[in-house]
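Participant: Sequence plus the predicted model coming up.
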Amino acid sequence: MQEKLSYKVITAVGPDRVGIADDLAEIASRTRCNIEESKMAVLGGEFAVIMLVSGKPENLHSLSEEMNQRGEKLGLQIFVKNTQEPVVPPRGIPYTLQTISQDTPGIVHAVTSILRRYSINIEDLETETSFAPWSGAPLFHMRARILVPQGVPIHELREELLSLEMQQDLHIELKPFFPAPRE
């Protein structure tokens, strides 16, 4: 019988430099833990990491201790938190939601408040700012994978998003999400 695994979420932030992902992966590997999921990105001049790690409880304990001991030496602020085994997602219909607009404060809040009213779960959300090719104006992009509960009237959701588009001069796309087939 296979031993039950435990899980931890690790967050780390520090000045961007080459090798941060490898430093953290090396600690996980050496303590015989597995990186189940992770997101890593450069934000401003900082490199930010969030990862879900699994392993035997004693291995995760070693991982936590080493992360805490080596964080400062690696130039990282590291936080390790116990968590549960990933759960089966609630039933619903997966969609992607994308926005593009001139960069103005409050866009994320305006969109997420609509999603909240419909009890829509955000599974993944990313934002970035870029510059328009001809004018150089700052453009704001938001991409989200969401799970719309069964019974939510999609036409009403689309109407609210359309109203928001007109109020804040955004372009919003809401499309059913079809994951790529696994090979």
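Facilitator: Arrived safely, thanks for sending. Numbering: from 1, shown residues only.
Participant: Show me what the residue nearest the centre of the chain is bridged to.
Facilitator: The centroid of the chain falls nearest to Asp124 when counting by Cα atoms, centre = their mean (4.7 Å). When bridges are taken as DSSP bridges, the partners of Asp124 come out as Arg145.
Participant: Equivalent analysis for Ile35, please.
Facilitator: Judged by DSSP bridges, the bridge partners of Ile35 are Val53.
Participant: How far does the host helix or strand of Glu26 sit from its chain's centre?
Facilitator: Taking DSSP states H and E as the criterion, Glu26 maps to helix 20-30. Chain-centre distance of helix 20-30: 20 Å, with Cα atoms, centre = their mean, to the nearest Å.
Participant: can you list the domain ranges for the chain.
Facilitator: Per the record, the chain has its domains at 6-83, 93-176, by automatic domain parsing.
Participant: Pull up the distance across the first one, start to finish.
Facilitator: If I follow you right, that is domain 6-83. 8 Å (Cα to Cα, to the nearest Å).
Participant: Need phi/psi at Gly19.
Facilitator: phi 100, psi 0 (degrees, to the nearest 10).
Participant: Also Lys73?
Facilitator: When read as degrees, to the nearest 10, the backbone of Lys73 gives phi -60, psi -30.
Participant: ditto for Thr31
Facilitator: Thr31 adopts backbone torsions of phi -90, psi 10, taken as degrees, to the nearest 10.
Participant: residues touching it, list them.
Facilitator: By Cβ atoms under 8 Å, 6 or more residues apart in numbering, the contact list for Thr31 reads 55, 59-60, 62-63, 66. Where you see a C-beta, it was placed from the backbone N, CA and C, and this is true even at glycine.
Participant: repeat for Asp169
Facilitator: By Cβ under 8 Å, 6+ apart, the neighbours of Asp169 are 101-102.
Participant: can you check the one 5 residues further on too?
Facilitator: Under the criterion of Cβ under 8 Å, 6+ apart, the neighbours of Leu174 are 95-97, 154, 157-158, 161.
Participant: again, but for Leu157
Facilitator: The neighbourhood of Leu157, defined by Cβ under 8 Å, 6+ apart, consists of 114, 118, 120, 148, 174.
Participant: hang on, it in a helix?
Facilitator: Yes - assigned with DSSP: H, G, I helix; E, B strand; the rest coil, Leu157 falls within a helix.
Participant: the helices in the protein, which residues?
Facilitator: Secondary structure of the chain by DSSP state H: the helices cover 20-30, 57-70, 107-117, 154-168.
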